[in-house]
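Engineer: Pasting the sequence and the predicted model now:
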Amino acid sequence: MLLVTPGRKEAIDNIRKAVSEGRFNDKIEPFDPEWNPEELKANILRYVRRRASLSFKIKNFIARKIVDSWIWRYSNGVNEIVGMEKLKAVPGPAFVTSNHFNPFDNGFLRTMAKESGHGRLWAISQGTNFVMPGLNGFVLRNIDVIPLISEPSYMNGPFRELMASVLKENRYILIYPEQEMWFNYRKPRPGKRGAYLFAAEYGVPVIPCFVELRELPQLLTPDFHDVKCILHILDPIFPNPSKSARQNSFEMCEADYQAKKAAYESIYGRPLSYDFSPDDIAGWRG
């Protein structure tokens, strides 16, 4: 099952409004934390510095075990992966993209990375996740992530150094081109091209994935049915070495979106349109 967190009515209302205004990459969660930019930057630089320390390695181990327990609790038995054979075309490192609809949706992708032989999945994460309180905040500050903030000196220094070191370890790096999580939203959204620019600059492929959300009979709450998640691995997209990184980024971004669009239309048996319908929110009783 997938966790239904508080504030779902507000989140769905925000999705409806964002769709009507064509804002497909905006925040819609009602309880996102506020942050001080300087404090945020300091927290992230502290994370980068302490990655090699024993205390961080212990906390990282604990954070990964917490995530594993969450995946087992909220995902076990209601998820499957289709298309693992397509990963044979990508023996080395890669960027992974997927639709983003739930706090636990990277669990399916972590399973994919492990089963492919690439071990631990890393993720590029919005820096604002580092100021979250409580257990979620602890996990996000200590798990395998590459923090992202709009600070040129950081992006051109520690960010790229950390990303390069992860790719050298033959890992997959997850990045959500849609940027923000839209709760149980079935449709693929147009993405930003950062993931594809990174892929082109480092000469590695992108593995597009699309998660199908299939409603189950049982209710989680009076307003929501449980949902089964099926991860569809789509054909890898490779940068063209004869083209610039910028040109590749536009073409790979469009190819990724078209692959997800085709997957949506094939899975759900209807053309993709952005007219909002209650059925767009998987499991919602409307």
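Structural biologist: Cool, got the structure. Residues are numbered from 1 along each chain as shown.

Engineer: remind me which residues of the stretch 1-150 of the chain are low pLDDT?
Structural biologist: Residues of the stretch 1-150 of the chain that meet the criterion pLDDT under 70 lie in 1-4, 33, 72-78.

Engineer: just so I have it, where are all the helices in it?
Structural biologist: 8-20, 37-50, 54-75, 106-115, 134-142 (DSSP state H, counting those that start in this stretch).

Engineer: Run the chain-centre distance for the third one.
Structural biologist: When you say that, I think you mean helix 54-75. 17 Å (C-alpha atoms, centre = their mean, to the nearest Å).

Engineer: do the same with the first one
Structural biologist: Computed by C-alpha atoms, centre = their mean, the chain-centroid distance of helix 8-20 equals 20 Å.

Engineer: So which other helices or strands are in contact with that helix?
Structural biologist: Contact analysis of helix 8-20 by 3 or more C-beta pairs under 8 Å, 6 or more residues apart in numbering; DSSP states H and E lists no helix or strand as a packing neighbour. In this view, the C-beta of every residue, glycine as well, is placed from N, C-alpha and C.

Engineer: Please give me every residue in contact with the spatially most central residue of the chain.
Structural biologist: Centroid-nearest residue in the chain, with C-alpha atoms, centre = their mean: Y176, separated by 4.1 Å. Residues in contact with Y176 (C-beta atoms under 8 Å, 6 or more residues apart in numbering) are T97, S98, N99, H100, G191.

Engineer: just the helices of the stretch 1-150 of the chain: most buried one?
Structural biologist: helix 106-115 (a mean of 20; mean count of other C-beta atoms under 10 Å).

Engineer: could you dump it to PDB, C-alpha only?
Structural biologist: As requested, the backbone C-alpha atoms of helix 106-115 are provided in PDB (Å, rounded to 0.1, in the frame of the first residue of the first chain):
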ATOM      1  CA  ASN A 106      11.600   5.600  -4.900                       C
ATOM      2  CA  GLY A 107      11.300   2.300  -3.100                       C
ATOM      3  CA  PHE A 108      10.400   0.600  -6.400                       C
ATOM      4  CA  LEU A 109      13.400   2.200  -8.000                       C
ATOM      5  CA  ARG A 110      15.700   1.200  -5.200                       C
ATOM      6  CA  THR A 111      14.600  -2.400  -5.700                       C
ATOM      7  CA  MET A 112      15.300  -2.100  -9.500                       C
ATOM      8  CA  ALA A 113      18.800  -0.800  -8.800                       C
ATOM      9  CA  LYS A 114      19.600  -3.700  -6.500                       C
ATOM     10  CA  GLU A 115      18.200  -6.300  -8.800                       C
END
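
Engineer: got a list of contacts for that helix?
Structural biologist: Contacting residues not belonging to helix 106-115 are listed as 67, 70-71, 74-75, 79, 81, 84, 87, 96, 98, 119-121, 123, 171-172, 174, 209, 211, 229, 231, 233 [C-beta under 8 Å, 6+ apart].

Engineer: Can I get the buried ones among these as something I can paste into PyMOL?
Structural biologist: Remark: buried members of the contacts of helix 106-115, expressed as a PyMOL selection using 16 or more other C-beta atoms under 10 Å:
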select buried, resi 67+70+71+74+75+79+81+87+96+98+121+123+171+172+174+209+211+229+231+233
